[in-house]
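Asker: Prediction below, plus the sequence it came from.
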Amino acid sequence: MSGGVDSSVTAWLLKEQGWDVVGVTMKVWPQDCISRAEDKCCGPQAVADARGVAHSLGIPHYVIDEADQFEKLVIDYFTAEYRQGRTPNPCVMCNEKLKFGSLQEKALALGAEYVATGHYARIIHGDNGIARLMKAVDTRKDQSYFLFSLRQEQLGRALAPIGHLTKPEVREIARKLGLRVSEKVDSQEICFVPGNDYKAFLRSHLGENDFHPGGIYDKSGAYLGPHQGIEFYTVGQRKGLGGGHGRPIYVIDIDAVNQRVIVGEYNDLERRDCFINHTNWIAGEPEGPIEATAKIRYNWPEVPVRLHPLPNRRARIEFLEPQRSVSPGQAAVVYQGDTVVGGGWLERTEPVVPVTVAAPDMQALASPTTTSAPSTSTVLSVS
């Protein structure tokens, strides 16, 4: 229970269905971050709201301290991905590793049969023992994307009761029950990143001297100037690249090994395919290529694709129409109709055209007004 309307109505629905319900809220904030957590999911106010709802429903409520695990499995992952030039998805990791990972293990050890959450998704338990993950009825609120990495043993012990309802229906139930969280605003940001300012979070969490400065280059190899850290850039980004280029430019690749940010025009973001790793197939790996749709990030439209499973938990996703802003580190989730087939994590797009790129001048990097760059070395640009 996060203290929001969705998990509150979830608890009521389960009680109405005859389940013996126990409310649990995860404490994920270390003590020294508690002021930052005040209005966040799983912060002090959220705990108080969840406890109040549990009291109204007549169910027990417990707070489980997952701060150490959250730091290790979510926050450290979040910062490590940016340090590698990738764009992380902490919500997927939190679901897999915490809510349906360590928390589910503790609940089952204490005798619980299932762990239920307020996710907008449908989990269908088949007579054959196979659980299917499907989109929510309310497709505008669908969160099945964030659950793609759950394994069968996790899905088999999971419930998502509000997946058959729309958001307005959920709020109406809460109003009729007199729950004061009925009008609580939905969170639109990462729970541990105030104001969705991930750059400020990284500065606070890592320190100003723990970044990887380097050079910004265009796709032809011209050195455009220094940057203060690859951690502050993502593929598809337009802001923060300076002006005076004569045309809009975007980040089209991040070379973490050489600390280079490669920029180009909008069309340079186009990709005809991508590769994913650490794949998870909900009901087993597809046998051979399949026609499907895919989302390459949340709140991104599904697009027609052809999925090609590969050895070693990898797959190739072939876009039937070129796609832009395919960001390494994000999750790509594959669907057939309303059913989640599975997905994986986007790899860096392999460079295909060799070009000559000016090697970064460390003295120039130390002086933002210097734009020259001596000597050259060979690097590969992005297709």
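Answerer: All right, it came through fine. Numbers count the residues shown, from 1 in each chain.
Asker: Give me the three-state assignment for Cys71.
Answerer: Quick fix: residue 71 is Glu, not Cys. Three-state call for Glu71 (DSSP: H, G, I helix; E, B strand; the rest coil): helix.
Asker: burial measure for it, as a count.
Answerer: By other C-beta atoms under 10 Å, 16 other residues sit near Glu71. C-beta coordinates here come from the backbone N, C-alpha and C atoms, glycine included.
Asker: going forward, begin numbering at 472 instead of 1
Answerer: From this message on, residue numbering opens at 472, which makes the last subject Glu542.
Asker: Look up how far Ala607 lies from it.
Answerer: Noted for Glu542: a distance of 30 Å to Ala607, by C-beta to C-beta, to the nearest Å.
Asker: Quick one: residues contacting the residue nearest the centre of the chain.
Answerer: With distances taken as C-alpha atoms, centre = their mean, Asn560 lies nearest the centre of the chain, 2.2 Å away. Residues near Asn560 by C-beta atoms under 8 Å, 6 or more residues apart in numbering: Phe617, Arg768, Tyr769, Gly800, Gln801, Ala802.
Asker: any idea how far Ile767 is from it?
Answerer: 11 Å.
Asker: any shared contact partners between those two?
Answerer: Gln801.
Asker: you'd agree Ser675 is in a strand?
Answerer: No. Secondary structure of Ser675 (three-state DSSP): helix, not part of a strand.
Asker: What is the neighbour count of it?
Answerer: The tally of other residues near Ser675 (other C-beta under 10 Å) stands at 14.
Asker: Just the residues contacting stretch 541-553, thanks.
Answerer: 497, 499-501, 558-559, 561, 564-565, 568-569, 572, 663, 669, 673, 676-677, 701-702, 800.
Asker: try it again with 6 Å
Answerer: Residues outside stretch 541-553 that contact it (C-beta atoms under 6 Å, 6 or more residues apart in numbering) are Val499, Pro559, Pro561, Met564, Cys565, Lys568, Glu702, Gly800.
Asker: where in the protein is pLDDT low?
Answerer: 501-513, 714-715, 821-854 (pLDDT under 70).
Asker: how about a cut-off of 50?
Answerer: For the chain, the stretches flagged by pLDDT under 50 are 503, 505-506, 508-510, 822-854.
Asker: Identify the residues contacting Leu712.
Answerer: Here Leu712 is in contact with Ile720 (criterion: C-beta under 6 Å, 6+ apart).
Asker: Just say helix, strand or coil for it.
Answerer: Relying on three-state DSSP, one would call Leu712 coil.
Asker: Tell me the spacing between it and Ile733.
Answerer: 11 Å.
Asker: joint contacts of these two?
Answerer: Both Leu712 and Ile733 lack any common contacting residue under the criterion C-beta under 6 Å, 6+ apart.
Asker: Need the residues that contact the helix ranked longest in the chain.
Answerer: When the chain is parsed with DSSP state H, its longest helix is helix 515-528. Contacts with helix 515-528, where a contact means C-beta under 6 Å, 6+ apart, come from 472-474, 479, 482-483, 494, 496, 510, 532, 534, 650, 652.
Asker: And for stretch 666-686?
Answerer: Applying C-beta under 6 Å, 6+ apart, the set of residues contacting stretch 666-686 is 660, 664, 694, 697, 699-703, 730-731, 831, 836.
Asker: Format those as a markdown table; extra columns: distance to Ala592, secondary structure and neighbour count.
Answerer: A markdown table is the format used below for the contacts of stretch 666-686 (distance: C-beta to C-beta, whole Å; DSSP: H, G, I helix; E, B strand; the rest coil; neighbours: other C-beta atoms under 10 Å):
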| residue | distance to Ala592 | secondary structure | neighbour count |
| --- | --- | --- | --- |
| Glu660 | 20 | coil | 13 |
| Val664 | 23 | coil | 20 |
| Tyr694 | 47 | strand | 21 |
| Pro697 | 44 | strand | 22 |
| Gln699 | 39 | coil | 16 |
| Gly700 | 36 | coil | 20 |
| Ile701 | 34 | helix | 24 |
| Glu702 | 32 | helix | 24 |
| Phe703 | 33 | helix | 18 |
| Gln730 | 39 | coil | 18 |
| Arg731 | 39 | strand | 21 |
| Pro831 | 46 | coil | 23 |
| Leu836 | 46 | helix | 18 |
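Asker: what about stretch 607-617, distance to the chain center?
Answerer: 14 Å (C-alpha atoms, centre = their mean, to the nearest Å).
Asker: Can you list the buried residues in it?
Answerer: Buried positions in stretch 607-617, judged by neighbour count with 16 or more other C-beta atoms under 10 Å: Ala607, Val608, Asp609, Lys612, Asp613, Gln614, Ser615, Tyr616, Phe617.
Asker: For it, C-alpha coordinates in CSV please.
Answerer: Below are the C-alpha coordinates for stretch 607-617, written out as CSV (Å, rounded to 0.1, in the frame of the first residue of the first chain):
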residue,chain,number,x,y,z
ALA,A,607,-5.3,-3.1,-18.2
VAL,A,608,-8.9,-2.4,-19.4
ASP,A,609,-8.0,1.3,-19.0
THR,A,610,-5.4,1.4,-21.7
ARG,A,611,-4.6,5.0,-20.9
LYS,A,612,-3.4,4.0,-17.5
ASP,A,613,-2.0,0.6,-18.5
GLN,A,614,1.2,-0.3,-16.5
SER,A,615,1.9,-3.8,-17.9
TYR,A,616,5.1,-2.3,-19.4
PHE,A,617,6.5,-2.0,-15.9
